[in-house]
Every structure is written in C-alpha cells, then in structure tokens.
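Trainee: Generate coordinates for the sequence data below:
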Amino acid sequence: MTHHNSVRDLGLWAATLCTVFSVAYVIAQLGEWAGLLGSAGGPHSRSTPLGLALLLTPSLLLGIAFVALTVAIHHQARSSARVWTHLAVACATMYATLIGIVYYVQLAFVLPRIARGNVDDIQLLIFKPFDSFLYAVDMLGYSLMSLSTLFAAAAFREPGLERWIRRALIVNGCLIPFLALQMYFPRLIWGGSLWAITFPTATWLLATHFKRLPVHSDD
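Mentor: Residues are numbered from 1 along each chain as shown. From the prediction side, this is the model:
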C-alpha cells in the first residue's frame, strides 16, 4: 500500500474506535449516575468494582485510539497546518499518558483492593470525584485532550464535511474550562458532560472523512 492508504486506514480505524470507546464510556457513566452499577448514584458517588471496570476499560483504550487518530490527522493535513496538528499529537500523547496511568492504576491495583475491602493504606489512590489526587490528574488529562482537538481543527478548512469536523473539534476544545476547573467548582461537570456529545460526534465525522479519502492502487 502507499503511504496515503496507511494514513486513510489508520484514521478510519482510530476514529471508529474512538467513537465506540467513547460511547461505551458514556453508556456506563449514565448507568453509574443512575445507580445501576452499585454506587449511590449521581456524580459525587464513589464507584464500585463493577463501575470502575465498565467505566475505565473503554476510557483506557480510548487514550491509545485518540493518539493514533491525531497522528493520522497530522499526516493527512496540508503542510501549512502541520505545526498545529503536531501540537495536537503532542497534547494527545500527554493526555493518553496521564489518563493511562490513572486508569491502569485503578484497574490493576485499586479495583482488586476495593473488591477485597482492603483500602486503608491506599486512600490517596481512591478515585473520588472532585476530591482526590487521581481525579485531578484525570481532569488535567481531559483538558489536554480538548486542547488537542482545538489544534487538530486547523487541519480542516474545506467546505462541507470538513467544516462540520472543524466545528465539532472546536466545540469540544471549548470545554477546557469546564474540565480544568472542576476541582474548584464541581458544578462545572454539567458543562463538561457535553463531552458525551461533542467528542463522539467529532470522531464519527472524522471516521466518515477518512472513509471518503480516495484509495490508491499499490505501486
């Protein structure tokens, strides 16, 4: 395959996986807030082992898929936009690193301790919304993700589908204050929760974009 086909395929699969993983997380989060996963319900409650598994597994995988998506966006962007898409890749990488640490620690270390009822010596690592060390790290990660989508928007300047992609990426980027300031003002979570719409919309549009790119014959 030519290089262009590799970019097309990477972008299509990464955008599709981003959409699937983000929607899976949103469904789990709605179940968590409704109290269907064993917690007390609402955004302030601590998750049960089941809730952690269902929420954080797709979130961990999303980080990897999002980095791959920004790499594909960078390589299909015109040269004048690549300084901005390169920044998108850098911010996406920082996001994936931060949330990867948070979610892997929760799944591999904290979750088994919670299941055994043995958490007295790991209170610092308990993921408590608005009031824990790892929640602060998580919010920094998602702020960087939103910043990444702002930079990535520079790659899409044509009319039609690209215009909608650009708008969706910018709107997702505008969620930064609602994410970065949640530790100070927990009610901002309701603005940040718009991510459940803006992000999968943007990635679904990106999947459509990459699917429409022309396929080149093998040289």
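
Trainee: use CA for all of it now, contacts and neighbours both
Mentor: Will do.

Trainee: Let me know the distance separating residue 52 from residue 114.
Mentor: Residue 52 sits 10 Å away from residue 114, going by C-alpha to C-alpha, to the nearest Å.

Trainee: Of these two, give the one with the bigger neighbour count.
Mentor: When residue 52 and residue 114 are compared for neighbours, residue 52 comes out ahead with 21 against 17, by other C-alpha atoms under 10 Å.

Trainee: Name the nearest residue to residue 43, ignoring sequence neighbours.
Mentor: residue 33 (5.9 Å; C-alpha to C-alpha, 6 or more residues apart in numbering).

Trainee: Next one: the one you found, what pLDDT does it get?
Mentor: pLDDT for residue 33: 85.

Trainee: What of residue 153?
Mentor: 97.

Trainee: Secondary structure element holding the closest residue in space to it that isn't next to it in sequence?
Mentor: Spatially, and ignoring its direct neighbours in sequence, residue 153 is nearest to residue 166 (4.8 Å; C-alpha to C-alpha, 6+ apart). Using DSSP states H and E, residue 166 sits within helix 161-173.

Trainee: List the buried residues of the helix or strand of the chain with the lowest mean pLDDT.
Mentor: Of all helical and strand segments in the chain, the minimum by mean pLDDT, DSSP states H and E falls on helix 111-116, at a mean of 90. Residues of helix 111-116 classed as buried: 111, 113-114 (neighbour count, 16 or more other C-alpha atoms under 10 Å).

Trainee: can you put those in TSV and add distance to residue 59?
Mentor: Listed next are those as TSV, based on distance: C-alpha to C-alpha, whole Å:
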residue	distance to residue 59
111	15
113	20
114	20
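
Trainee: I'd like to know which elements the helix ranked longest in the chain is packed against.
Mentor: Ordering each helix of the chain by length in residues (DSSP state H) puts helix 3-33 first. In this structure, helix 3-33 makes packing contacts with helix 49-76, helix 195-212, judged by 3 or more C-alpha pairs under 8 Å, 6 or more residues apart in numbering; DSSP states H and E.
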